[in-house]
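# fold the following for me, if possible:
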Amino acid sequence: MLFRAALLLILVSCLVSIKVISAQEPSLTPKTLGAALASKPLGNDAGRIAEQVRSWFGKEDLVKGARPKVDGLNVAWAIEVPGAASAPQVVSEDGAFRLPLTRIGETNVYAAVAELTDGTAMRWAYDTEGKRFGGGNLEVYWIGPDGIEHAGVPKGKLTGQPVWRSKIFPDTERDWWVYVPAQYKPESPACVMVFQDGGGMKNYVPVVFDNLIHKGEMPVTIGVFINPGSKSAADARATNRSFEYDTVSDKYARFLLEEILPEVEKTVRLRRDGASRAIAGISSGGICAWTAAWQRPTEFSKVMSWVGSFTNIASGASLREGGHNYPALIRKTERKPIRVFLQDGANDLDNQHGNWPLANQEMAKSLAFKGYDYKFVYGQGFHSHQHGRAILPDTLRWLWRDYKPS
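Residues are numbered from 1 along each chain as shown. Just a heads-up that it's a prediction; the model follows:
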């Protein structure tokens with residue numbers, strides 16, 4: 001009898017444990033939060049959802065005016081405001097967007113979810129009884145299937161390389177990574193694409209490479225992801241980025257051709273014709289990519305630039321030497337064998353160095369005037385990688401279309 005009682009107690013304990021595990025709250029998403037708000041929770045249910053929101057956004061951030069949570073085109077906002085006489089709102093700077101927040105039961109937590117249109121970009125803030133706080137820039141884009149991982153698609157290998165100490169840029173060191181697609185075969189030299197500010201781009205570009213190479217929509221391509229040099233590994237302020245990226249000279253192209261690519265070729269075989277080499281970057285990395293191709297068009301014939309800094313930002317540069325002169329140089333120089341993709345947004349930077357949207361439009365007009373093979377995608381975005389990342393699969397398809405090694 002004692003044995004049966006003990007066995008029964010164990011079974012009951014297991015059932016209780018199973019129930020507790022199954023009752024664990026799922027992670028919130030904008031969609032699940034929207035569904036929870038639509039159910040108009042009360043009492044304990046409202047308290048439970050409010051606690052989930054506090055955990056998701058952060059209790060301290062919720063009081064200060066938390067940044068929204070974004071999942072594709074779905075955006076969730078939330079704040080905690082004790083004793084609000086009326087429902088707070090999310091408002092855009094120009095007043096075109098207003099979204100009332102819903103109080104969660106009798107708690108002080110308010111939240112709302114909206115599905116925005118692809119390409120929406122706005123400056124927003126919370127509005128509580130006429131007082132605005134929190135806020136920032138928001139961009140949302142649809143991420144297509146080629147931007148996410150899929151089962152059955154062969155995955156390439158991304159490998160961190162030993163810290164590189166440059167001779168062309170003396171006293172600098174940098175981190176860098178090499179991606180090798182699953183389809184690479186040593187007997188067949190591969191194309192190569194170099195990414196400036198590679199520490200960020202390595203986190204999402206390889207997935208797109210995997211998908212497009214698998215579908216035959218771009219050639220087998222080695223990815224080289226390289227950070228700008230630093231004068232001191234212990235001090236991020238000692239970056240050599242602007243000197244390397246914004247200077248209008250052949251120095252960075254030489255750095256790639258004389259130091260980095262020969263090092264890559266110690267482990268993989270690369271094609272050396274310009275048609276098989278591409279180079280990419282964002283902001284100053286974008287103008288850097290263009291400069292490398294401009295200086296060495298037979299070595300790099302494909303360029304991808306996101307929110308490129310075609311402005312007078314170069315460290316110590318005179319007005320005569322700045323990258324803002326490229327539109328005039330393009331018009332007055334014999335056309336070079338370069339295919340270039342430009343992306344920018346109407347809300348990009350405008351400061352003492354120049355106006356980024358205007359500079360990129362001038363670049364596009366000059367490329368068109370001279371008959372270059374170019375594409376310019378202009379949206380509403382800010383100075384960020386978000387728009388470029390969303391359209392990366394289409395960009396790569398366009399850059400590598402009709403590829404034939406020379």
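
# beta partners for the nearest residue to residue 385 once chain neighbours are set aside?
Excluding its sequence neighbours, the residue lying closest to residue 385 (Cβ to Cβ, 6 or more residues apart in numbering) is residue 282, at 5.2 Å. Using the backbone N, CA and C atoms, a C-beta is placed for each residue, glycine as well. When assigned by DSSP bridges, residue 282 has beta-bridge partners residue 306.

# to what extent is residue 282 buried, counted in neighbours?
For residue 282, the neighbour count with other Cβ atoms under 10 Å is 25.

# ok, residue 385 next?
With other Cβ under 10 Å as criterion, residue 385 counts 20.

# spit out the contact partners of it.
Neighbour list for residue 385: 200, 201, 282, 306, 307 [criterion: Cβ atoms under 8 Å, 6 or more residues apart in numbering].

# swap in residue 124?
By Cβ under 8 Å, 6+ apart, residue 124 lies in contact with 68, 90, 91, 92, 93, 97, 135, 136, 138.

# buried only: go through those residues for me.
Neighbour counting by 16 or more other Cβ atoms under 10 Å classes 68, 90, 91, 92, 97, 135, 138 among those as buried.

# format those residues as CSV; extra columns: secondary structure, pLDDT and distance to residue 56.
As requested, those are exported to CSV (DSSP: H, G, I helix; E, B strand; the rest coil; pLDDT from 0 to 100; distance: Cβ to Cβ, whole Å):
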residue, secondary structure, pLDDT, distance to residue 56
68, coil, 98, 11
90, strand, 98, 17
91, strand, 98, 22
92, strand, 97, 23
97, coil, 97, 22
135, strand, 96, 19
138, strand, 98, 17
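
# save those residues as CSV, and put in distance to residue 346 too.
Shown next, in CSV, are the buried ones among the contacts of residue 124 (distance: Cβ to Cβ, whole Å):
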residue, distance to residue 346
68, 21
90, 21
91, 20
92, 14
97, 16
135, 19
138, 14
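
# got a list of what the nearest residue to residue 86 once chain neighbours are set aside touches?
Excluding the flanking residues, the one nearest residue 86 by Cβ to Cβ, 6+ apart is residue 129, at 6.2 Å. By Cβ under 8 Å, 6+ apart, residue 129 lies in contact with 84, 85, 86, 88.

# next: residue 76.
Residue 76 makes contact with 28, 29, 30, 33, 34, 68, 69, 70, 111, 112, 113, according to Cβ under 8 Å, 6+ apart.

# could you find the closest non-adjacent residue to it?
Excluding its sequence neighbours, the residue lying closest to residue 76 (Cβ to Cβ, 6+ apart) is residue 30, at 4.0 Å.

# mind checking how far the one you found is from residue 49?
Counting by Cβ to Cβ, to the nearest Å, the separation of residue 30 from residue 49 is 14 Å.

# and residue 271, by the same measure?
As judged by Cβ to Cβ, residue 271 and residue 49 stand 56 Å apart.

# so for those two, which residue has more residues nearby?
residue 49 (23 against 19).

# is the more buried one in a helix, a strand, or coil?
Here residue 49 is helix, with the state taken from DSSP: H, G, I helix; E, B strand; the rest coil.

# quick check: it touching residue 104?
Yes - checked against Cβ atoms under 8 Å, the pair residue 49 and residue 104 is within contact range at 5.5 Å.
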